[in-house]
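Novice: predicted structure and sequence below. I'll ask about it afterward.
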Amino acid sequence: MEKKKLIIFSTVIIVFSVISVALFYGYGLHNKEGEPRIADNIEAKVIVERTRIKDHIQKLTADDFQGRRAGTPGEAEAALFLAQELQNMGLKPIGTSNTFFQTFPVPKTGLKWEGQRLVFYLEDSYSPLLSDNILGLIESSSKPQEYIILSAHFDHLGIWEKQLFPGANDNGSGVSAVLEIARVLKQNTELPFSVIVAFFSAEEMGLIGSNFFADNPTIDIKKVRLAINLDSIGAGSRNDFIQWSDGPQAITDNLFFKWSLWQDMDLIRHSSAVNTSDHKSLGRLGIPSVTILSADWLKGNHTKEDKAKVLNYDKITFLAQNIADFLSSQEIEGLIQ
């Protein structure tokens, strides 16, 4: 009798153990093949990708775009490329007539050497030529009608005396960085402010595109809280950059201080009284506006040697990632307010 009880008790223990193991592995299989575990639900943060930046610059400097001189077919092809990129990202078009394009006239110009650099000069203010700014919006759900402008000019010198001036650093580098920042901001998190992604044209002819936007805004320009412009950011071996600023100095000074604290960042300030960029067009409206450049931005500037192969892609990626992080952080609210 005792032996029989022992057999029954042993059998119960074995059955219970088998059921427990089955339940354990069944749960594991259910999680593997059915609903994901909690840890699997956490999506990886989208980051700026160096390869994408390089691909964009190689595209912009290719023969197809003919050096991107404002008012030429090559520059129009570059504008179409940028508009398609913003559309593919899912940005809202804020150009004219619900498109990404804002069309404006450009004057008749020529090119001449000024020291070691080739520059435009005005031949005739009247011209049948047209160019386009490319404008898209990443909306914030909390502050949809308060804006930060993130910009870069995409035009360059074009073809002169049968030589292509590719404009890799000036300003393929800034354009590619803005494209990557836009992709990251669109995919990652809620933004403290809406971000206007602006690619201005005819900057090389005298800030014509950005001035046209400032005078003919497609959004309420009074609700723009800050403008960040990237221009020629890919030259040099170190993460050393220059800040040009315009508009209310309290905010641009604070921005300089905060960005100077970034790890591995070497940021200095220079006057933009002589050499300038598109931040000036927005700064004159009372918008806190900065342009960030490489400290070596003049190296090869406005020469045919400004090629994609000489750029520091790690440097461009470094700056783009830091700006993307900044624009998606709550830190920017304290800065602007």
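Specialist: Noted; the coordinates are in hand. Numbers count the residues shown, from 1 in each chain.

Novice: so which bits of stretch 304-320 are buried?
Specialist: For stretch 304-320, the neighbour count (16 or more other C-beta atoms under 10 Å) marks 304, 306-308, 311-313, 315-320 as buried. Placement of C-beta: from N, CA and C, glycine included.

Novice: quick one: end-to-end distance for it.
Specialist: Using C-alpha to C-alpha, to the nearest Å, the end-to-end distance of stretch 304-320 comes to 25 Å.

Novice: okay if I get the buried residues of stretch 304-320 as JSON lines plus pLDDT and distance to R269?
Specialist: Below are these laid out as JSON lines (pLDDT from 0 to 100; distance: C-beta to C-beta, whole Å):
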{"residue": "K304", "pLDDT": "96", "distance to R269": "31"}
{"residue": "D306", "pLDDT": "97", "distance to R269": "24"}
{"residue": "K307", "pLDDT": "97", "distance to R269": "29"}
{"residue": "A308", "pLDDT": "97", "distance to R269": "29"}
{"residue": "L311", "pLDDT": "98", "distance to R269": "24"}
{"residue": "N312", "pLDDT": "98", "distance to R269": "21"}
{"residue": "Y313", "pLDDT": "98", "distance to R269": "25"}
{"residue": "K315", "pLDDT": "98", "distance to R269": "19"}
{"residue": "I316", "pLDDT": "98", "distance to R269": "21"}
{"residue": "T317", "pLDDT": "98", "distance to R269": "23"}
{"residue": "F318", "pLDDT": "98", "distance to R269": "19"}
{"residue": "L319", "pLDDT": "98", "distance to R269": "16"}
{"residue": "A320", "pLDDT": "98", "distance to R269": "21"}
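
Novice: could you double-check that A168 lies in contact with V310?
Specialist: Yes - counting by C-beta atoms under 8 Å, A168 touches V310, with 7.2 Å between them.

Novice: is it possible to export the buried residues of stretch 304-320 to JSON lines including distance to L179 and secondary structure?
Specialist: As requested, the buried residues of stretch 304-320 are arranged in JSON lines below (distance: C-beta to C-beta, whole Å; DSSP: H, G, I helix; E, B strand; the rest coil):
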{"residue": "K304", "distance to L179": "24", "secondary structure": "coil"}
{"residue": "D306", "distance to L179": "19", "secondary structure": "coil"}
{"residue": "K307", "distance to L179": "19", "secondary structure": "coil"}
{"residue": "A308", "distance to L179": "15", "secondary structure": "helix"}
{"residue": "L311", "distance to L179": "15", "secondary structure": "coil"}
{"residue": "N312", "distance to L179": "18", "secondary structure": "coil"}
{"residue": "Y313", "distance to L179": "14", "secondary structure": "helix"}
{"residue": "K315", "distance to L179": "16", "secondary structure": "helix"}
{"residue": "I316", "distance to L179": "11", "secondary structure": "helix"}
{"residue": "T317", "distance to L179": "12", "secondary structure": "helix"}
{"residue": "F318", "distance to L179": "16", "secondary structure": "helix"}
{"residue": "L319", "distance to L179": "13", "secondary structure": "helix"}
{"residue": "A320", "distance to L179": "9", "secondary structure": "helix"}
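
Novice: S260: which of the residues you listed is nearest?
Specialist: Nearest to S260 among the buried residues of stretch 304-320: L319, at 13.3 Å, using C-beta to C-beta.

Novice: skip the chain neighbours and tell me the closest residue to the closest one.
Specialist: Using C-beta to C-beta, 6 or more residues apart in numbering and skipping the chain neighbours, the partner closest in space to L319 is I233 (5.7 Å).

Novice: beta-bridge partners for L164, please?
Specialist: Beta bridges link L164 to I159, judged by DSSP bridges.

Novice: that one and D64: what is the separation?
Specialist: Distance, L164 to D64, by C-beta to C-beta, to the nearest Å: 11 Å.

Novice: now stretch 205-218, how far from the centre of its chain.
Specialist: Relative to its parent chain, stretch 205-218 has a centroid offset of 19 Å by C-alpha atoms, centre = their mean, to the nearest Å.

Novice: next, the distance between the ends of it.
Specialist: Termini of stretch 205-218 sit 22 Å apart (C-alpha to C-alpha).

Novice: so how far is D215 from S237?
Specialist: In terms of C-beta to C-beta, S237 sits 40 Å off from D215.

Novice: next: T72.
Specialist: Taking C-beta to C-beta, one finds T72 at 24 Å from D215.

Novice: those two: who's more crowded?
Specialist: Ranked by neighbour count (other C-beta atoms under 10 Å), T72 and D215 place T72 first, with 19 against 11.

Novice: show me how this protein divides into domains.
Specialist: Domains of the chain are assigned by automatic domain parsing as 1-42, 45-336.

Novice: most tightly packed of the ones you listed?
Specialist: Comparing those by mean neighbour count (mean count of other C-beta atoms under 10 Å), domain 45-336 comes out on top with a mean of 19.

Novice: for that domain, measure first residue to last.
Specialist: Start-to-end span of domain 45-336 (C-alpha to C-alpha) is 26 Å.
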